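Trainee: Any chance you can model this:
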Amino acid sequence: MAGIKDVAAAAGVSVATVSRALNGHRSVSPDTRERVLEAVGRLGYRPNAVARSLRTDRTRTLGLVIGDVMNPYFTELARFVEEEARARGYSVIIGNADERPELQDHHIRTLLDRRIDGLLVSPADGRSPFAPGTRPPTPPVVLVDRWVPGLDVTVIRAEGASAVRDLVRHLRALGRRRIAVITGPPATTTARERVAAFREAIAAQGLHLPEAYVGEGDFRADSGRRVTEAFLDLPEPPEVVFATDNLMALGALDAIRSRGLRVPEDIGVAAFDDIPWFQHTDPPLTAVAQPVAELARAAVGALTDLIEGRAARSVTLSARLVVRRSCGERPAGPTPTNGPRRSA
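Mentor: Below you'll find the model as predicted:
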């Protein structure tokens, strides 16, 4: 079996350089790292992770605890986190909280017991995983997407309020006045931010928001269906349903179609958290998109900075409105062309 000395000889570098390359050290040039990795692959070298962690007190492993692995947003976030971590020489262990604080805390305890180098968490509620006003334990922790007010920790998130205001302004321009909202669980910071922005935007557009047009969901499709059915049973149903999560939007579509209604002819639907297949639904869904890849890269970058002894700062990115055709928008038509001119 090949050893580290064999890899060093094959790559034409020192044993120390091989070690630094495999640990993702920034002092190793891209060309040298590529030669080392090529030699590792050709020789079938497998470093002993346990022995290496004992020598360096590092496992080159990150933990990631997400809200719901069935939610396409978190699935995509996890994919990009793993991709960025791998590029930096780290592996990732993922825990699915299933939007349950007690399960989230179980995963956190388990990951800490496994001696991970750092932890990324999207908190299931505003109280967990750590008590407000306290610092989290070592190893370093970065919160991503959601945050805990009062917790002294680096947070990487997207600000969605501006995009929600853009959405309401867009719906008003389409002539839609009766707009209902499916909120998320009020314990989560993202749900509170989105519904507060929606209420402010409705007021700014001079629209009325009856309490019957506000229904609480739980970021699951079944709750989107249940709340939308209640909207449709009102004496004056809304003209548009805005679901503050992609799964709740899918539930809303199910409820509407089960009544034999059409989108957007009978009622419009818009969503927060764009997902790739929204552009392929019939009609394509208007949605607020978060910069998922950028969030993942910034979160992993901040966490690895903390692990490696550098300072890290909180980052707030911007969500954006993606206009499609689920709220009564006109499809883009062909560009008009001038026909041939007749001779006089």
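Trainee: Which pLDDT value does the model give P276?
Mentor: Looking at P276, its pLDDT reads 90.
Trainee: what about it, how many neighbours?
Mentor: 8 (other Cβ atoms under 10 Å). All C-beta atoms are positioned from the backbone trio N, CA, C, and that covers glycine.
Trainee: ok, it to G217 distance?
Mentor: To G217, P276 is 22 Å away according to Cβ to Cβ, to the nearest Å.
Trainee: so how far is A97 from L171?
Mentor: From L171 to A97 the distance is 33 Å (Cβ to Cβ).
Trainee: if I pick P185, what's in contact with it?
Mentor: 99, 125, 191, 216-219 (Cβ atoms under 8 Å, 6 or more residues apart in numbering).
Trainee: Lowest-confidence one in these?
Mentor: Within the contacts of P185, lowest confidence goes to D125 (80).
Trainee: Wait, that residue touches P101, no?
Mentor: Yes - counting by Cβ atoms under 8 Å, P101 is a contact partner of D125 at 5.2 Å.
Trainee: When the two are compared, which one has more neighbours?
Mentor: D125 (20 against 16).
Trainee: who touches that one in this structure?
Mentor: By Cβ under 8 Å, 6+ apart, the neighbours of D125 are 101, 185, 187-188.
Trainee: 7 Å - rerun?
Mentor: 101, 187-188 (Cβ atoms under 7 Å, 6 or more residues apart in numbering).
Trainee: Please tell me how far V241 sits from V13.
Mentor: For V241, the distance to V13 - Cβ to Cβ - is 60 Å.
Trainee: Tell me which of those two has more neighbours.
Mentor: For V241 versus V13, neighbours defined as other Cβ under 10 Å are more numerous around V241 (31 against 19).
Trainee: Check what pLDDT that one gets.
Mentor: In this prediction V241 is given a pLDDT of 98.
Trainee: secondary structure element for V7?
Mentor: Per DSSP states H and E: V7 is located in helix 4-11.
Trainee: contact partners of the following helix or strand past that helix?
Mentor: Going down the chain from helix 4-11, the next helix or strand is helix 15-22, by DSSP H and E. Identification of contacts with helix 15-22 by Cβ under 7 Å, 6+ apart yields 4-5, 7-8, 11, 27-28, 32-33, 36, 47.
Trainee: what angle do helix 15-22 and helix 4-11 make?
Mentor: 90 degrees (axes from the mean of the first three to the mean of the last three Cα atoms, to 10 degrees).
Trainee: Residues in contact with the helix or strand following helix 15-22: which ones?
Mentor: Downstream of helix 15-22, the first helix or strand assigned by DSSP H and E is helix 30-43. If you take Cβ under 7 Å, 6+ apart as the criterion, helix 30-43 is touched by 2, 6-7, 10-13, 17-18, 21-22.
Trainee: Next SSE downstream of the helix or strand of the chain with the lowest mean pLDDT?
Mentor: Ranking every helix and strand in the chain by mean pLDDT, DSSP states H and E puts helix 49-56 at the bottom, with a mean of 48. The first helix or strand that comes after helix 49-56 along the chain, using DSSP H and E, is strand 61-66.
Trainee: export that next one as PDB, just CAs?
Mentor: In PDB, the C-alpha atoms belonging to strand 61-66 read as follows (Å, rounded to 0.1, in the frame of the first residue of the first chain):
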ATOM      1  CA  THR A  61     -15.000  17.500   9.100                       C
ATOM      2  CA  LEU A  62     -17.900  20.100   9.300                       C
ATOM      3  CA  GLY A  63     -21.400  19.500  10.700                       C
ATOM      4  CA  LEU A  64     -24.500  20.900   8.900                       C
ATOM      5  CA  VAL A  65     -27.900  20.800  10.600                       C
ATOM      6  CA  ILE A  66     -30.700  21.900   8.300                       C
END
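Trainee: angle of whichever helix or strand comes after it against strand 61-66?
Mentor: Using DSSP H and E, the next helix or strand after strand 61-66 towards the C-terminus is helix 72-87. Orientation note: helix 72-87 sits at an angle of 170 degrees relative to strand 61-66 (the same axes, to 10 degrees).
Trainee: give the contact list for D245.
Mentor: Contacts for D245 (Cβ under 7 Å, 6+ apart) come out as 184, 219, 272-273.
Trainee: Apologies, that question was intended for H170.
Mentor: Here H170 is in contact with 321, 323 (Cβ under 7 Å, 6+ apart).
Trainee: what does A271 give?
Mentor: 243, 246, 249, 278, 285, 287.
Trainee: change it to 8 Å
Mentor: Taking Cβ under 8 Å, 6+ apart as the test, what A271 contacts is 242-246, 248-249, 278, 285-288.
Trainee: can you list the domains in this structure?
Mentor: 4-47, 60-158+292-318, 161-291+321-338 (automatic domain parsing).
Trainee: lowest-confidence stretch among those?
Mentor: Lowest mean pLDDT of these: domain 4-47, a mean of 84.
Trainee: ok, the closest residue to R324 other than its chain neighbours - how many residues close by?
Mentor: Spatially, and ignoring its direct neighbours in sequence, R324 is nearest to P284 (3.7 Å; Cβ to Cβ, 6 or more residues apart in numbering). Number of residues near P284 (other Cβ under 10 Å) recorded here: 17.
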